[in-house]
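Visitor: Sequence first, predicted coordinates after that:
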Amino acid sequence: MTAFTENDLKRLENLIINGQKAIETRLTSLENGQKAIETRLTSLENGQKAIENSIGEIKREIQVLEIGQTEIKGEIRTLDAKITGLNARVQLIEASVGKIPDLAEKIGGVKNWKQIGISIVTAFVGGVIGWLIRGK
């Protein structure tokens with residue numbers, strides 16, 4: 001058997017201690033890497049939650065826009081109905097205006113005051129009716 005000297009034992013002890021220190025250093029490095037990965041995962045989860053919140057807000061805004069669009073469509077329909085009513089009134093006024101030359105011709109041919117009075121009253125009544133129609 002070979003005899004081991006104290007130097008050999010000391011070297012062996014140093015090798016074992018250095019190996020343990022290297023292993024501890026690597027384990028510490030692995031733990032730090034694991035902590036970094038966990039931090040990154042937490043950051044990704046927070047980012048995902050922020051994105052989900054943003055998507056929820058966008059969906060709510062889209063719903064608000066859709067409601068507004070529906071309201072605008074209703075207002076357009078109301079305006080269309082009002083325009084249709086205005087067109088009918090304009091046609092009535094055009095018909096009344098078309099009769100003015102006939103009335104003027106008839107008034108020109110009137111020879112006595114009674115006919116002039118009737119014509120003036122008729123014109124006044126026609127004007128009031130026209131005014132009432134336009135006033136609606």
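Guide: Done, it's in.

Visitor: just the strands in the protein please.
Guide: In the chain, no strands are defined using DSSP state E.

Visitor: pLDDT weak spots in it?
Guide: Where the chain drops to pLDDT under 70, the residues are 1, 104-113, 136.

Visitor: Just the helices from it, written as ranges.
Guide: Secondary structure of the chain, counting by DSSP state H: helices at 6-98, 100-108, 113-135.

Visitor: Next, format these as a markdown table and append mean neighbour count.
Guide: In short, each C-beta sits where N, CA and C put it, glycine included. Converted to a markdown table, those look like this (neighbours: other CB atoms under 10 Å):
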| stretch | mean neighbour count |
| --- | --- |
| helix 6-98 | 10 |
| helix 100-108 | 11 |
| helix 113-135 | 11 |
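
Visitor: Quick test: name the residue nearest the centre of this protein.
Guide: Taking CA atoms, centre = their mean, the centroid of the chain lies closest to Leu65, which sits 3.4 Å from it.

Visitor: For it, give its distance to Glu71.
Guide: When distance is defined by CB to CB, to the nearest Å, Leu65 is 11 Å away from Glu71.

Visitor: Run through the residues that contact Ile23.
Guide: If you count contacts by CB atoms under 8 Å, 6 or more residues apart in numbering, Ile23 has none.

Visitor: What distance do you get for it to Ile17?
Guide: Taken as CB to CB, the spacing of Ile23 relative to Ile17 amounts to 11 Å.

Visitor: before we move on, what about Ala36?
Guide: Relative to Ile17, Ala36 is positioned 29 Å away (criterion: CB to CB).

Visitor: go on, Ile83?
Guide: Taken as CB to CB, the spacing of Ile83 relative to Ile17 amounts to 97 Å.

Visitor: Then Val64?
Guide: Following CB to CB, the distance that separates Val64 from Ile17 is 70 Å.

Visitor: just Ile58 next, same as before
Guide: Computed as CB to CB, the Ile58 to Ile17 distance reads 61 Å.

Visitor: swap in Ser43?
Guide: From Ser43 across to Ile17, the span is 39 Å (CB to CB).

Visitor: Name all residues that make contact with Thr39.
Guide: Contact criterion CB under 8 Å, 6+ apart gives no residues in contact with Thr39.
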